[in-house]
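In: Next comes the sequence, and after it the predicted model I'd like to discuss.
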Amino acid sequence: MSVTIRWRHLNTGVPRLDEDFRSTDFFDTAPLPERDVKSTRVEKGVMKDQLKVTGSLSLHGVSKPVRSMSPSVKSVRTRGRAAGPSGSMR
């Protein structure tokens, strides 16, 4: 699974903090307004219909592992196929 982060949509609820995160002090989003995160593992989450996604995010030439819990979903579309709540591809 691949996810694209669009920095212009970053919203912490504090506009000044959002601007700081986009600046060269943090993510430096001007040269690359989008970044891709590629998953290395997708597992069943804690809640029903939730996915736990583990992957790698590269910023400024440094890759770090990241983990995200998806909100409750019925299915996730991947290249025309869908992963059901059990994680099996249909």
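Out: Now that the structure is in, tell me what you want to look at.
In: The strand ranked longest in the chain pairs with which strands, parallel or anti?
Out: Secondary structure assigned by DSSP state E gives strand 34-44 as the longest strand of the chain. Strand pairing for strand 34-44, using DSSP bridges, gives strand 2-6 (antiparallel), strand 51-59 (antiparallel).
In: ranking those strands by burial, who's on top?
Out: Mean neighbour count, computed with mean count of other C-beta atoms under 10 Å, is highest for strand 51-59 among the strands paired with strand 34-44, reaching a mean of 16. Every C-beta, even on glycine, is put in place using the N, C-alpha and C of the backbone.
In: Quick one: distance of that strand to the chain centre.
Out: Relative to the chain's own centre, strand 51-59 is displaced by 6 Å; criterion: C-alpha atoms, centre = their mean, to the nearest Å.
In: which intervals of this structure have sub-threshold pLDDT?
Out: Flagging of the chain using pLDDT under 70 yields the residue ranges 71-90.
In: Which parts of it are helices?
Out: Per DSSP state H, the chain has helices spanning 15-22. These are given in chain order.
In: Contacts for stretch 11-23, please.
Out: Applying C-beta atoms under 8 Å, 6 or more residues apart in numbering, the external contacts of stretch 11-23 come out as 7, 10, 26-27, 29-30.
In: sorry, back to before: and the longest strand of the chain, how far out from the chain's middle?
Out: Averaging C-alpha positions (C-alpha atoms, centre = their mean) puts strand 34-44 6 Å from its chain's average.
In: Report the backbone C-alpha coordinates of that strand in PDB.
Out: Listed in PDB are the C-alpha atoms of strand 34-44, where the atom choice follows Å, rounded to 0.1, in the frame of the first residue of the first chain:
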ATOM      1  CA  GLU A  34       3.900  15.700  -1.500                       C
ATOM      2  CA  ARG A  35       5.700  12.700   0.000                       C
ATOM      3  CA  ASP A  36       4.900   9.000  -0.400                       C
ATOM      4  CA  VAL A  37       4.800   6.500   2.500                       C
ATOM      5  CA  LYS A  38       5.100   2.900   1.400                       C
ATOM      6  CA  SER A  39       3.800   0.300   3.700                       C
ATOM      7  CA  THR A  40       5.800  -2.700   4.800                       C
ATOM      8  CA  ARG A  41       3.000  -4.300   6.700                       C
ATOM      9  CA  VAL A  42      -0.700  -4.000   7.000                       C
ATOM     10  CA  GLU A  43      -2.400  -5.700  10.000                       C
ATOM     11  CA  LYS A  44      -5.800  -5.900  11.600                       C
END
